[in-house]
Structure formats: structure tokens, C-alpha cells
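Asks: Coordinates only, no sequence provided:
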Ligand SMILES: [Zn+2]
């Protein structure tokens, strides 16, 4: 049993409280590799932002949960080495699908876990969420639960269609589970293909797809039912079209990849939404830089040569999100 506090990590409670009151959101970036971890920490330190580093099922399969936990411990030490005296880094389990998995992560030093029972019948979702919360709170670990179903594919989390969160259920759900934050479905979606072309309109000037707007009316109703309660948005990559263009220019093939417009996320960040999950944008930034580098330097073969610009490009993207979309820059606790 390792407590996250001994690793220098923090849970989400205080930072969410400040984010809800301050009208901004905390970035939740997924990580799988050392380069992603370094880019996240560099971006958070340079912008003086709290940050959530999250680990999905795919990340655990790829890198191994134990290694990722040590990388998060390393992230805290690295942030201090970069000059941040009191970094606020959360190690969060993304889409935990069982009590046992959440418990395992808590026992190995995660400071926050998500239990995602959104695909289960309502009462079953409450029962297991409650069980996770009871265990987690013994160790002061915070818990995110989910109501409503997002469309799209994220590692092994996949659904064909989305179901918006029902505002009439949120009070009962939050009260009976005791969760610390609630992930809701208001039209965001997992992956780099968030919407089918037939769900979108096309910008006549650029020919690009314009996705349908988020359901801000549903968000407003949820906020009204649970004033000040931390709300989480999954599937909130914007799928930057310049990265998609770079990928396609250098041999990739991502036709009609489309995400959530950043203005909409900005608007959401100003409400009770205090955690915004971004994964695909980091994948796109990494792949675009690597494709370009390798196309321009066909004689290079040292991974450090192409991972360096990949890391730089991800860092640039993280800083942009923190400063221009979420507004969490300069928000470390005094
Ligand atoms: Zn998600």
C-alpha cells in the first residue's frame, strides 16, 4: 500500500473547488510515454498550472500501470527540478471499469480515480460507484463517476450513440454515490472522429466539417440542480486541423477528422465544468511532428531525433490549451 501523499501527488478536491469558483478548468491529459509526461510537466510548470495526468486502460496495457505510477512520481520530482516548488499533479485513473481496478490503483498511489459505470443500469452504477467512493475516501482519494453515455472510441471504451445525461437524475446520483465529481454527456465524444459527416455542416469557404454544438442547455440544468458541484467533460479534444493537415501532407490519411471547437470548451470551462479531458490532440501533435520530421530527414534513424520535435509540439499544444482554452495558467495554490 502506497499513499499518493508520500509521492508528492495531490487529489482533485481543492483544485476543483478553486476552478469552479474561478471560472476555469483543470487540464486532464492522458499519458502513455515518457515524452508525453515530460511535455505535460514542462507545460504545467511554465504556465504555473495544476494538472491531472491520467491513465487509461489502453495506457495500462501499453506501458504497464506500475511504470506509469513511477512516471507520475518522477513527474513530481521533475516539476520541482524545473523550478516549481509546490507542483499540483494528480495521478488519475481514467475509465476504471471495476471496483477491483480502482482499489488496485488507489493502493499503488493514484490520488484520484474514475469509476465509469455509465453503461450499466442506473442502480448498478450507483451501487459500484458508492463502493469505490467508500474505499477511496478512506485514503482521501477523490472519485469521478459518470452519468450519461458518450459516443466514440477511446481505447476500449466505445459506444455507437450518445445519451445525454438526464438532469433529473444528477441530485440522486451525486447524493447516493458520494462522488467528488461527475462526468456528464452533453455532446462531446471520444476519439479523433467525433462526428460523422452527416451530423455536421460544412463550412462553404474551407470545406471543413463544422460539428454540432454542445448541449449547453443540459449543462445549465445540471448546474442548477447541483450548484458548485464539479463537472467533468470527457472526449474534449479539438482535433486541430493544422495537425491533421500536416499528417495528411506527409503520408497520413485522416479524412474528415473533427473535434470540439475550442470556443465551446472555453465557454464550458467558465461554468461548473472544472476538468476537461484531452487525449487525441496530443496523439495528433506527436504524429504530425514525427511524420514531418521523418519525411524531411529520410536518412535519420535515432528515435531521439524525431521524438524531440514530437515532444516540443505536444508541449506547445498543452500550453495553448492551458492558456487559451481552459484558463488554468497561474492557478497554483499560493
Ligand atoms: Zn473518457
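Replies: Looks like it came in fine. Note that the coordinates shown come from a computational prediction; the quantities given were computed from them, not determined experimentally.

Asks: Might one say that residue 193 is in contact with residue 257?
Replies: Yes. In this structure, residue 193 is within contact of residue 257 by Cβ atoms under 8 Å, at 5.8 Å. (C-beta placed from N, C-alpha, C; glycine too.)

Asks: If you count surrounding residues, which of these two has more?
Replies: Ranked by neighbour count (other Cβ atoms under 10 Å), residue 193 and residue 257 place residue 257 first, with 22 against 18.

Asks: which ones are touching the residue nearest to the more buried one when sequence neighbours are not counted?
Replies: Once flanking residues are discounted, residue 257 sits nearest to residue 192: 4.5 Å by Cβ to Cβ, 6 or more residues apart in numbering. Taking Cβ atoms under 8 Å, 6 or more residues apart in numbering, we find residue 192 in contact with 237, 239, 254, 257, 259, 280, 283, 284.

Asks: cool, residue 48 as well?
Replies: Listed by Cβ under 8 Å, 6+ apart, the contact set of residue 48 reads 84, 329, 330, 331, 332.

Asks: Recalculate using a threshold of 6 Å.
Replies: 330, 332 (Cβ atoms under 6 Å, 6 or more residues apart in numbering).

Asks: Distance of it relative to residue 85?
Replies: According to Cβ to Cβ, to the nearest Å, residue 48 and residue 85 sit 11 Å apart.

Asks: now residue 201
Replies: In this view, residue 201 and residue 85 are 49 Å apart by Cβ to Cβ.

Asks: what does residue 46 give?
Replies: From residue 46 to residue 85 the distance is 14 Å (Cβ to Cβ).

Asks: So for these two, which sits in the more crowded spot?
Replies: residue 46 (17 against 7).

Asks: Not counting sequence-adjacent ones, nearest residue to that one?
Replies: Per Cβ to Cβ, 6+ apart, closest to residue 46 is residue 319, 6.5 Å.

Asks: residue contacts, the residue in the chain that the ion sits nearest to?
Replies: In the chain, the residue that lies nearest the ion is residue 234 (3.3 Å; Cβ to the ion). Contacts for residue 234 (Cβ under 6 Å, 6+ apart) come out as 150, 183, 277.

Asks: okay if I get the residues you listed as JSON lines plus neighbour count, distance to the ion and pLDDT?
Replies: Below are those laid out as JSON lines (neighbours: other Cβ atoms under 10 Å; distance: Cβ to the ion, whole Å; pLDDT from 0 to 100):
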{"residue": "150", "neighbour count": "29", "distance to the ion": "7", "pLDDT": "83"}
{"residue": "183", "neighbour count": "25", "distance to the ion": "7", "pLDDT": "97"}
{"residue": "277", "neighbour count": "27", "distance to the ion": "5", "pLDDT": "97"}
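
Asks: would you turn the residues you listed into CSV with secondary structure?
Replies: Compiled in CSV, the contacts of residue 234 are given as follows (DSSP: H, G, I helix; E, B strand; the rest coil):
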residue, secondary structure
150, coil
183, strand
277, strand
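
Asks: Tell me the one of these nearest residue 220?
Replies: Among the contacts of residue 234, residue 183 lies closest to residue 220 (Cβ to Cβ), at 17.1 Å.

Asks: So what sits opposite residue 201 in the bridge?
Replies: Note on residue 201: beta-bridge partners by DSSP bridges are residue 210.

Asks: hang on, it packs against residue 209?
Replies: No. Contact criterion Cβ atoms under 6 Å: residue 201 and residue 209 do not qualify, at 7.6 Å.

Asks: Between these two, tell me which one has more neighbours.
Replies: residue 209 (21 against 10).

Asks: Now residue 3: closest residue in space, sequence neighbours ignored.
Replies: residue 139 (6.2 Å).

Asks: Could you tell me how many residues sit around the one you found?
Replies: 16.

Asks: 32 is where my numbering starts, stick with that
Replies: Renumbered: residue one is now 32, and that last one reads residue 170.

Asks: Relative to residue 214, how far out is the residue minimising distance to the centre of the chain?
Replies: With distances taken as Cα atoms, centre = their mean, the residue of the chain nearest its centroid is residue 308 (2.2 Å). Distance of residue 308 to residue 214, computed by Cβ to Cβ: 8 Å.
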